Structures are given as C-alpha cells and as structure tokens.
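K.L.:
Build me a model from this:
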Amino acid sequence: MWKYIAKRLIALIPVIAGVILIVYLILNFAPGDPAQIALGDEATPEAIHEWREAHGLNDPILVRYFRYLTGVFSGDFGNSLLRAQTPVVDEIMARFPYTVMLSVAAIFITFLFAFPLGVFAAVKQNTWFDRISMFVSLIGVSMPVFWMGMLLLLWFSLGLGWFPSFGADTPRAVVLPAVALGFGAMASMARTTRSSMLEVIRQDYIRTARAKGLGYGAVIRGHAIRNSLIPTLTIAGIQIGNLLTGTVIVETVFAWPGIGRLMIQSILSRDFPMVLGCMVLFTLTFSIINLVVDLAYAYVDPRIRSQYS
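P.N.:
Model (predicted):
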C-alpha cells in the first residue's frame, strides 16, 4: 500500500511540470502585456522595457520556465507582478481558507442529497419519486454553474433578500455559492448511484439473500449499497475535484474572495506567477483527491485491497 502511495506521489512531479509548461505557453502567447497593464497606457517603450527586464520577462520562454520550475520544487513560487511584489504563497494562503470553506459546504450539500436520492430512486424505480428525482438531476447536469448562480442571485438575494449577493462577511453568504456549486455535482452523483444500485439489486446474490428470508431493507443496507459504491466513489472523486477547481466561476459570480476569483483577476492582468501558483495548487488538490479515492476503493472492495497488498 505504502509503495503504491509513494509511486503516485512521485508521479505528481511530471504532472506538475507539464501543467506549468502548458499554462506558461498559453499565457506567453495570449494577447496583453503585464508591463503595459502595470505601468498604464501612457508608459514609454523604454519604461516598459526596463520593467520587463527587472522582472525577467525579456528572457526566452524556456529559460523563464525552467527558472520558475526550479523555484517551485524548492518551495519558491515567486512574487506577484502587479500586487506590490507580494509573495504568491502569502496571497494564495490568505485566500485558501475561503475556497476551502466554499468547497466543503458544496461537498456537504452534494453528499447530503446525492446518495439518498440515488438509492431511493433505484429502490422505488418507475415511481413518482424516481421520475421527479431524475428530472431534477437532469436539470442539474444540464444547467451551467454560472447560470445556476445567477438564478439563485435573482430569486433569493435580489428578489427575496434572504441571502447576501456578494462577499463572505456572514455565514449566510456561503449558502448560495455552495448550492450553485454543489447542485450539478449532486445531480451527477445521484444518477450514477441510481444506475449502480439498479445493476446490483438485479444480481443473483441479492435474490439469494431474499430467498433466505432477509427483509428487503436489510438486503439493501447490508449487500446492495456497499457493492454499488465503486462507481459512486469514482464519480465522487471526479466531482470533488471539480468542486474544488470549479470555484473559479462561482467565486467570480458571487464576488467570493477565494483562489478562483484571484486566478481570474490574475489572468486578466497577466500576473504570470500568481496564475501559475493557483494552477499548481489546483493540480495538487485534484491529484491528491484521486489518490484518496483510489485508496477508498481498497476499503470498500476486498478484491482491490488484495491487489494492493
């Protein structure tokens, strides 16, 4: 098990290097000059050249890439180009608790509704509950996150005035962005859980357990749910990673002071070190979540646990 974990952690090194290279190339060829943005429209060409030289932007792109990569693996993510030379790590760590708060709230909403909806929809197949829950899930899967966020703002913030429309000053402020972020993930997980449960409850061992005299509820709780968890865990890992990285859109819609909004602002201002720092954090988070999901497979399924050992 530990050998497998070590291999997965070592595999993160080329993944991070590849992500940094792709983002570096995209930012380098995208229109816009950070020097022009920092100095203003009236800056002279000489001032722009001096600013770029002082920040190392006149060097070839591969030189800058390897210099930044060396700094990342030594723990130095550089300084922001446009935020008074603020260290990237300090700025990200100041925003990180807000993103974690929003992500945890969205994950809680997702798991609170997704798994029970999927299980009951499968058990009550072709009933009104099944049809309504799958219709709601279809809406959640189809609706973009930003559109859901705008509707929530119109209905519950501007219309009813129940929740604030922006910021993170009160505990109520997290409700609308968490619902907007978690609704799509909840819908996707509910549909996956239902499909997995329908496949499991039609297996021979379920009929055998029923033939032995076990009640239907005991069969579902003791046999069906656990054996249907593998596909659900797979989609759960993907959705949790999407929730953490999908905060980019939601934080922009609700003016939430997290890392996602910071990255959007940094992209618009061509603040290369800040964008790269956010991307490295998102990459690490997504990879570690996938590793945790793979380890959860071993807990759920003894066959997978025996492969690890």
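
K.L.:
contacts, neighbours, all on C-alpha from now
P.N.:
Fine.

K.L.:
For the residue nearest the centre of the chain, list the residues it contacts.
P.N.:
Nearest to the geometric centre of the chain sits Leu244, at 2.5 Å (C-alpha atoms, centre = their mean). Going by C-alpha atoms under 8 Å, 6 or more residues apart in numbering, Leu244 touches 99-100, 103, 282, 285-286.

K.L.:
Surely Leu117 and Ser133 touch.
P.N.:
Yes: assessed by C-alpha atoms under 8 Å, Leu117 is found in contact with Ser133 at 6.8 Å.

K.L.:
Looking only at neighbour counts, state which of these two leads.
P.N.:
A count of neighbours by other C-alpha atoms under 10 Å puts Leu117 above the other of Leu117 and Ser133, at 24 against 19.

K.L.:
Not counting its neighbours along the chain, what's nearest that one?
P.N.:
Spatial nearest neighbour of Leu117, excluding adjacent residues (C-alpha to C-alpha, 6 or more residues apart in numbering): Ala190 at 5.8 Å.

K.L.:
Neighbours of that neighbour, how many?
P.N.:
30.

K.L.:
can you check the one 4 residues further on too?
P.N.:
As a burial measure, Arg194 scores 26 neighbours (other C-alpha under 10 Å).

K.L.:
How many residues are close by Thr44?
P.N.:
When neighbours are counted by other C-alpha under 10 Å, Thr44 comes out with 12.

K.L.:
quick one: contacts for Ser142?
P.N.:
Ser142 neighbours (C-alpha under 8 Å, 6+ apart): Gly184.

K.L.:
Show the pLDDT at it.
P.N.:
At Ser142 the predicted local confidence, pLDDT, stands at 79.

K.L.:
Quick check: phi and psi at it.
P.N.:
The phi/psi pair for Ser142 (degrees, to the nearest 10) reads phi -80, psi -30.

K.L.:
which stretches of the stretch 101-250 of the chain form helices?
P.N.:
Ranges of helices in the stretch 101-250 of the chain, per DSSP state H, counting those that start in this stretch, are 128-142, 145-152, 175-200, 204-211, 216-219, 225-227, 229-245, 247-253.

K.L.:
what angle sits between the longest one and helix 145-152?
P.N.:
Helix 175-200 and helix 145-152 are oriented at 120 degrees to each other (axes from the mean of the first three to the mean of the last three C-alpha atoms, to 10 degrees).

K.L.:
Would you confirm that Asn290 contacts Gly237?
P.N.:
Yes: counting by C-alpha under 8 Å, Asn290 touches Gly237, with 5.9 Å between them.

K.L.:
Give me the more crowded residue out of these two.
P.N.:
Using other C-alpha under 10 Å as the criterion, Asn290 and Gly237 rank with Gly237 on top: 21 against 18.

K.L.:
which residues touch that one?
P.N.:
289-290, 293.

K.L.:
quick one: low-confidence ranges for the stretch 101-250 of the chain?
P.N.:
For the stretch 101-250 of the chain, the stretches with pLDDT under 70 are 206, 209, 214-218, 221-223, 225, 227, 245-246.

K.L.:
Where do the domain boundaries of this structure fall?
P.N.:
According to automatic domain parsing, the chain comprises the domains 2-73, 95-269.

K.L.:
what about Trp2, neighbour count?
P.N.:
So Trp2, with other C-alpha under 10 Å, has 9 neighbours.

K.L.:
same deal with the one 3 residues further on?
P.N.:
If you count neighbours by other C-alpha under 10 Å, Ile5 ends up with 15.

K.L.:
so what's it up against?
P.N.:
So Ile5 contacts Leu291 (C-alpha under 8 Å, 6+ apart).

K.L.:
distance of it from Ser287?
P.N.:
Taking C-alpha to C-alpha, to the nearest Å as the measure, Ile5 falls 12 Å from Ser287.

K.L.:
coming back round to it: now the contacts of Leu244: which count as buried?
P.N.:
99, 103, 282, 285-286 (16 or more other C-alpha atoms under 10 Å).

K.L.:
how about stretch 65-79: buried residues?
P.N.:
In stretch 65-79, counting by 16+ other C-alpha under 10 Å, buried: 65, 68-69, 72, 77-79.

K.L.:
returning to what we had before: tell me which of the domains of the chain sits most buried.
P.N.:
Of all the domains of the chain, domain 95-269 carries the top mean neighbour count, a mean of 19, counting by mean count of other C-alpha atoms under 10 Å.

K.L.:
Endpoints of that domain, how far apart?
P.N.:
18 Å.

K.L.:
Of the domains of the chain, give the one that comes closest to Cys278.
P.N.:
domain 95-269 (6.3 Å; C-alpha to C-alpha).

K.L.:
unless I'm mixing things up, Met186 is touching Pro116, no?
P.N.:
No: contact criterion C-alpha under 8 Å: Met186 and Pro116 do not qualify, at 10.5 Å.

K.L.:
Does the helix or strand where Gln265 lies pack against any helices or strands, and if so which?
P.N.:
Per DSSP states H and E, Gln265 falls inside helix 259-268. Here helix 259-268 touches helix 88-123, helix 247-253, helix 272-300, going by 3 or more C-alpha pairs under 8 Å, 6 or more residues apart in numbering; DSSP states H and E.
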